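>>> predicted model and sequence follow; I will ask about them next.
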Amino acid sequence: MTDIPVIAILDDEPEIRRLLSSALEEAGFRTHSFARAAEFEAALRRITPDACLIDLGLPDRDGLALVHRLATESGAAIIIISGRAQVQDRVAGLELGADDYVIKPFEPVEVVARIRARLRRPVQPASHDAQIVGFSGWTADFDRYLLIAPDKAEIPLSHAEAEVLRMFTDAPRRLITRTQMLDALGGSAGDSFDRAMDVRISRLRTKLREDPRNPQLIKTIYGAGYIFLAEVT
């Protein structure tokens, strides 16, 4: 991540782009704004944003498909900004890899706060150099947002998945409660946060090839939280 975080804004409404750019730059971020997905995707060849604000109602591309591509190919935090307020739209966005979902109309200061929460490291590692950790034959490379399986297959991590895995590997064999997750990862308490966390855990378990009926690495302690059972090296 650069010293000054870079935020990409993709929205076909000029006023939305102006409001977000102004609020973010005033808060100390650098911004790049785009009206069309084609322009945004072309720009990704020359810029590496730390976070992307994506509108779902794009004129030239399905917004959810773009979110999914970013989640699998990019380490950027992804925040959907959309007028679609239905629960199924929010759930679909989170399941496809978004870190957060903001419904229009919104207050720009809220978006700034959510970006800051997404870019903040969940738990400060013991060593600033410990960006590669091993556990149960797996390797997590947090600089490259990669999981390396015991068979050497490389599996990309989204920003959201990396946040959760970093939190687990920094505190192995210790109960992590939902309250601790909320404090570390940011967000608003309630069903939307719980649903987002359930989605992240489910995606992470899938990438770790866990049996959902009997997970061996990420154990759910019902009514309390989660425990990461592996030894971390």
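Okay, I see it.
>>> give me the nearest residue to A140, chain neighbours excluded.
Nearest non-adjacent residue to A140, counting by Cβ to Cβ, 6 or more residues apart in numbering: V133, 5.2 Å away. (Each C-beta comes from the backbone N, C-alpha and C, glycine too.)
>>> wait, is that neighbour part of a strand?
Yes: under DSSP: H, G, I helix; E, B strand; the rest coil, V133 sits within a strand.
>>> just to check, it is in contact with V232?
Yes: if you go by Cβ atoms under 8 Å, V133 and V232 touch, sitting 5.5 Å apart.
>>> between these two, who's got more neighbours?
Neighbours around V133 and V232, counted as other Cβ atoms under 10 Å, are more numerous at V133. The numbers are 20 against 16.
>>> quick one: pLDDT of that one?
The predicted local confidence for V133 comes out at a pLDDT of 94.
>>> next secondary structure element downstream of the strand or helix carrying R18?
R18 belongs to helix 14-26 when assigned by DSSP states H and E. On the C-terminal side of helix 14-26, the nearest following helix or strand under DSSP H and E is strand 30-34.
>>> pLDDT on the host helix or strand of Y226, on average?
Secondary structure from DSSP H and E places Y226 in strand 225-228. The pLDDT scores in strand 225-228 average 92.
>>> ok, residues contacting the helix holding R18?
Contact with helix 14-26 is made by 7, 9, 11, 31, 33, 35, 53, 55, 81, 104, 108-109, 111-112, 115, as judged by Cβ atoms under 8 Å, 6 or more residues apart in numbering.
>>> one more time with 10 Å
Residues outside helix 14-26 that contact it (Cβ atoms under 10 Å, 6 or more residues apart in numbering): 5-7, 9-11, 13, 29-35, 51, 53, 55, 81, 104-112, 115.
>>> now, of those residues, which are buried?
5-7, 9-11, 29-35, 51, 53, 55, 81, 108, 111-112, 115 (16 or more other Cβ atoms under 10 Å).
>>> out of the contacts of helix 14-26, which sit inside helices?
When DSSP state H is applied, the contacts of helix 14-26 are split such that P108, V109, E110, V111, V112, I115 fall in helices.
>>> so which of those residues is the closest to V87?
E110 (19.6 Å; Cβ to Cβ).
>>> look up how far I81 lies from the residue nearest to A140.
Here V133 is placed at a distance of 33 Å from I81 (Cβ to Cβ, to the nearest Å).
>>> before we move on, what about R200?
As judged by Cβ to Cβ, R200 and I81 stand 20 Å apart.
>>> what do you get for E210?
From E210 across to I81, the span is 32 Å (Cβ to Cβ).
>>> ok, now H159?
Between H159 and I81 the computed distance is 16 Å (Cβ to Cβ).
>>> now do I47
In this structure, I47 and I81 are 19 Å apart, going by Cβ to Cβ.
>>> could I get the contacting residues of the residue nearest the centre of the chain?
The central residue of the chain, meaning the one whose C-alpha is nearest the mean C-alpha position (Cα atoms, centre = their mean), is A160 at 2.7 Å. A160 is in contact with 71, 77-78, 94, 97-100, 118, 185, 196-197, 199-200, 203-204, counting by Cβ under 10 Å, 6+ apart.
>>> over to D141?
Q131, I132, V133, L147, I148, E154, L157, A162.
>>> now swap in I201 and tell me
Residues counted as contacts of I201 (Cβ under 10 Å, 6+ apart) are E161, V164, F168, M181, E210, P215, I218, T220, Y226.
>>> so which of those residues sit within strands?
Members of the contacts of I201 lying in strands (criterion: DSSP state E): I218, T220, Y226.
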